[in-house]
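**Q** Quick one, what's the 3D model for this:
(one chain, ligands or ions: 1)
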Amino acid sequence: MTNAGSPAPNDERLIVVSNRLPLVISESSAGEWHLERGSGGLVTAIEPVLKDTSGVWIGWPGLGPEGLARAEGFLETKSDELGYRVRGVGLTKDERDAFYLGFANQVIWPLFHDFPAQCNFDPAFWAAYRQVNEKFAEVVADEAREGDFIWSHDYHLMSLAQELRKRGVESQIGFFLHIPFPPRDLFLKLPWRQDVMEALLHYDLIGFQTDRDRTNFINCFVSLRPGTEVRGSGRVMELEFEGHTLRVGVFPISIDVDEFSGPARSPEVSERVARLWAEFPGRKMILGVDRLDYSKGIPHKLEGYRLALARYPELQSRVSLVQLVVPSREDIPEYDQMKREIERLVGQISGEFTRPGWVPIHYQYGRWDRNELIAHYRAAAVALVTPLKDGMNLVAKEFCSASLEGNGVLILSEHAGATAQLQEDAILVNPYDVEGVAEAIYRACTMPDDERKGRMQRMRQKIRKEDIYWWVRSFRQAAAGESPEEGLPLDVYLPSRI
Ligand code: GDG
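**A** Below you'll find the predicted structure:
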């Protein structure tokens, strides 16, 4: 894993702070603690840096304050095994409800994903958000030493730096926003827009997924802080306001490519891929993998598929859509309504098109294990990734990395962050345009072999060039005031490329 931490910008200790720890701990009825480790590219890329710098990861371990107090000894022992320290922030059920389900997921998530009508601007949510950010800051401030670099993640922790400064922490503090940053007119709907901007100003570096998000942020910042001087261009820019300099950068997140291409090659996955192909004889598998969320545009996608089958009858019997919907935020009522709407549409497609020997849609609500997911990526002829809005969308990159035959076609929403990097070789769609989606499905399913291979090869190269290790290095370099490692040219999505 040497490529993960080197070249390190310096040997400063890294403190990572995220809403959730990369592990979940639970207590059995016999009072024994159990730990389940998280996986995924972010954890894989950050863990080696934490180990190299004797770093710490701070977050919520899924426990309340009392549970956490009882689990402290267990966490310490586990820290030795992990090779870096983990520290928990215990949250009560009320805090969790108002901070996480409330402010984070009923205010910021819908607003930043262009769904203002889904927002519940309950003032109690904002109060809880501040309070929980203070709680996180208490733990981080207790941990932080001079010379540390504190890296806070995502929309749950926008006030963290402000709370840390109040507690006298002078270390460099960086923030990465995993979700989009909204355009000015949307952000201005937030009743606490000034407070949120003020809070963000206390960071030294803010990273965004795309140039579009950064531009939105700068526009909001300048509107709310007239007199701001905007300096520079390229990957990292500077905002100067009343003597404070805030650096703002573009760092598209990615994956550890080998974590997908490696298992995709394994005998177990290869055997599963062969069985999947046998289950779809003479048919192309179109794959959709989405968390249950309105931002993922699953009903729009199903409408597009239905129209493709109706408008291009030659696709009937020749393609099948495998759609996995992964349970998420089940405590929020709107998510349950959306699930019912998805199931109604699946039923409609099945009822309209199924015939002996052919099932047009295979719908699953659940979670696959990693190898099952990778087998589907590799077996699929087409991936249908059509979020209405998405910070990046890692499924798109994972599909390309596992597409070993190199002939899969990626249909990608214009409104996913991944479009900035993959726009030349994916088939781009506006997910609101059902006819456009239907046409893209037809085009993907009838694309000549050479074209499919060329497009996929170029996308795989790009994903490898700016992988998750590049992402960690370049963010840390920018935070240390160095020029970040060169990546692909900063690309802005151009609708004319469709
Ligand atoms: C946020 C932003 C941004 C999915 N189904 C299964 C499964 N997954 C894994 C995928 C992928 C991850 O979940 C989903 O990542 P996304 O990027 O698509 O979306 P969010 O969860 O909304 O993440 C997003 C991301 O942060 C990173 O910055 O890209 O825009 O919203 O890794 O593989 N994994 C397994 N079984 C499944 O059934 N094992």
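
**Q** which residues does residue 408 contact?
**A** 377, 380, 381, 382, 383, 399, 400, 452, 456 (C-beta atoms under 8 Å, 6 or more residues apart in numbering). (C-beta placed from N, C-alpha, C; glycine too.)

**Q** Now do the second one against the ligand, distance only.
**A** Plainly put, residue 380 is 14 Å away from the ligand if you go by C-beta to the nearest ligand atom, to the nearest Å.

**Q** re the thing from before, could you pick out which of the contacts of residue 408 are located in strands?
**A** Among the contacts of residue 408, DSSP state E puts 382, 383 in strands.

**Q** The residue of the stretch 151-300 of the chain found nearest the ligand sits in which helix or strand?
**A** When scored by C-beta to the nearest ligand atom, the stretch 151-300 of the chain has residue 178 as its residue closest to the ligand, at 3.5 Å. Using DSSP states H and E, residue 178 sits within no helix or strand.

**Q** quick one, what contacts it?
**A** 153, 154, 155, 209, 253, 391, 392.

**Q** On the pLDDT front, check it for me.
**A** Residue 178 is assigned 96 on the pLDDT scale.

**Q** tell me the phi and psi of it?
**A** phi -80, psi -20 (degrees, to the nearest 10).

**Q** Secondary structure class of residue 57, three-state.
**A** Following DSSP: H, G, I helix; E, B strand; the rest coil, the label given to residue 57 is strand.

**Q** which ones are touching it?
**A** 15, 16, 17, 18, 21, 22, 46, 50, 84, 85, 86, 87.

**Q** again, only this time at 7 Å
**A** 16, 21, 22, 50, 84, 86 (C-beta atoms under 7 Å, 6 or more residues apart in numbering).

**Q** cool, residue 141 as well?
**A** Residue 141 is in contact with 164, 167, 169, counting by C-beta under 7 Å, 6+ apart.

**Q** Distance check, the closest residue to it other than its chain neighbours against residue 392.
**A** Counting by C-beta to C-beta, 6 or more residues apart in numbering, residue 167 is the residue found nearest to residue 141 once chain neighbours are left out, at 4.1 Å. From residue 167 across to residue 392, the span is 32 Å (C-beta to C-beta, to the nearest Å).

**Q** okay, the two: which has more neighbours?
**A** residue 392 (23 against 13; other C-beta atoms under 10 Å).

**Q** Apart from its chain neighbours, what residue comes closest to that one?
**A** Nearest non-adjacent residue to residue 392, counting by C-beta to C-beta, 6+ apart: residue 417, 4.0 Å away.

**Q** Same question for residue 200.
**A** residue 158 (5.9 Å).

**Q** With residue 93 instead?
**A** Per C-beta to C-beta, 6+ apart, closest to residue 93 is residue 64, 6.9 Å.

**Q** for the helix or strand hosting residue 309, which positions count as buried?
**A** Per DSSP H and E: residue 309 is located in helix 298-311. For helix 298-311, the neighbour count (16 or more other C-beta atoms under 10 Å) marks 298, 300, 301, 302, 303, 304, 305, 306, 307, 308, 309 as buried.

**Q** How about the residues of the stretch 1-150 of the chain by the ligand?
**A** residue 40 (C-beta under 6 Å from any ligand atom).

**Q** Show me the contacts of residue 57 that map onto helices.
**A** Judged by DSSP state H, the subset of the contacts of residue 57 located in helices is residue 50.

**Q** rewinding a little: which residues touch the next helix-or-strand element following the helix holding residue 309?
**A** Downstream of helix 298-311, the first helix or strand assigned by DSSP H and E is strand 319-326. Strand 319-326 is contacted from outside by 280, 283-292, 298, 305, 342, 359-365, 367-368, 376, 445, using C-beta under 7 Å, 6+ apart.

**Q** Equivalent analysis for stretch 450-463, please.
**A** Residues outside stretch 450-463 that contact it (C-beta under 7 Å, 6+ apart): 254, 257, 397, 400-401, 403, 406-410, 421-422, 425-426, 488.

**Q** Tell me which two in the residues you listed are the farthest apart.
**A** The span of those, defined through C-beta to C-beta, is set by 407 and 488 at 23.1 Å.

**Q** Report pLDDT for the residue lying farthest from the centre of the chain.
**A** Taking C-alpha atoms, centre = their mean, the residue of the chain most remote from its mean C-alpha position is residue 356, at 39.6 Å. Residue 356 is assigned 95 on the pLDDT scale.

**Q** my guess is residue 407 meets residue 444, correct?
**A** No. Using C-beta atoms under 7 Å, residue 407 is not in contact with residue 444, being 11.1 Å away.

**Q** Tell me if residue 207 really is in a helix.
**A** No. According to three-state DSSP, residue 207 belongs to no helix; its state is strand.

**Q** Against residue 251, how distant is it?
**A** Distance from residue 207 to residue 251, by C-beta to C-beta: 4 Å.

**Q** Between these two, point out the one with more neighbours.
**A** Neighbours per residue (other C-beta under 10 Å) separate residue 207 from residue 251, with residue 207 holding more: 29 against 24.

**Q** Residue 252 is in contact with that one, correct?
**A** No. Judged on C-beta under 7 Å, residue 207 makes no contact with residue 252 at a distance of 9.6 Å.

**Q** ok so, going back, residue 407 and residue 444: which is more packed in?
**A** Neighbours per residue (other C-beta under 10 Å) separate residue 407 from residue 444, with residue 444 holding more: 23 against 17.

**Q** Provide the secondary structure category for that one.
**A** Secondary structure, three-state DSSP: residue 444 is helix.

**Q** List the contacts of it.
**A** Shown in contact with residue 444 (C-beta under 7 Å, 6+ apart): 382, 409, 411, 427.

**Q** which among the residues you listed gets closest to residue 110?
**A** After measuring these against residue 110 - C-beta to C-beta - the closest member comes out as residue 411, at 25.0 Å.

**Q** Show me the beta-bridge partners of the closest one.
**A** Going by DSSP bridges, residue 411 is paired in beta bridges with residue 384, residue 427.

**Q** outside of the helix holding residue 309, which residues touch it?
**A** 288, 290, 315-316, 321, 325, 341-342, 345-346, 349, 353, 360, 384, 386, 388, 431-432, 434-435, 437-438, 441-442.

**Q** how far does the helix or strand containing residue 454 sit from the chain's center?
**A** With elements taken from DSSP H and E, the one containing residue 454 is helix 449-465. Here helix 449-465 is found 22 Å from its chain centre; the criterion is C-alpha atoms, centre = their mean, to the nearest Å.

**Q** Helix or strand next in line after that helix, which one?
**A** helix 468-479.

**Q** Can you name every helix or strand that that next one contacts?
**A** helix 2-5, helix 41-52, strand 172-176, strand 205-208 (3 or more C-beta pairs under 7 Å, 6 or more residues apart in numbering; DSSP states H and E).

**Q** mind checking how far the third one is from the chain centre?
**A** Averaging C-alpha positions (C-alpha atoms, centre = their mean) puts strand 172-176 18 Å from its chain's average.

**Q** what does stretch 445-457 give?
**A** Distance of stretch 445-457 from the chain centroid (C-alpha atoms, centre = their mean) equals 27 Å.
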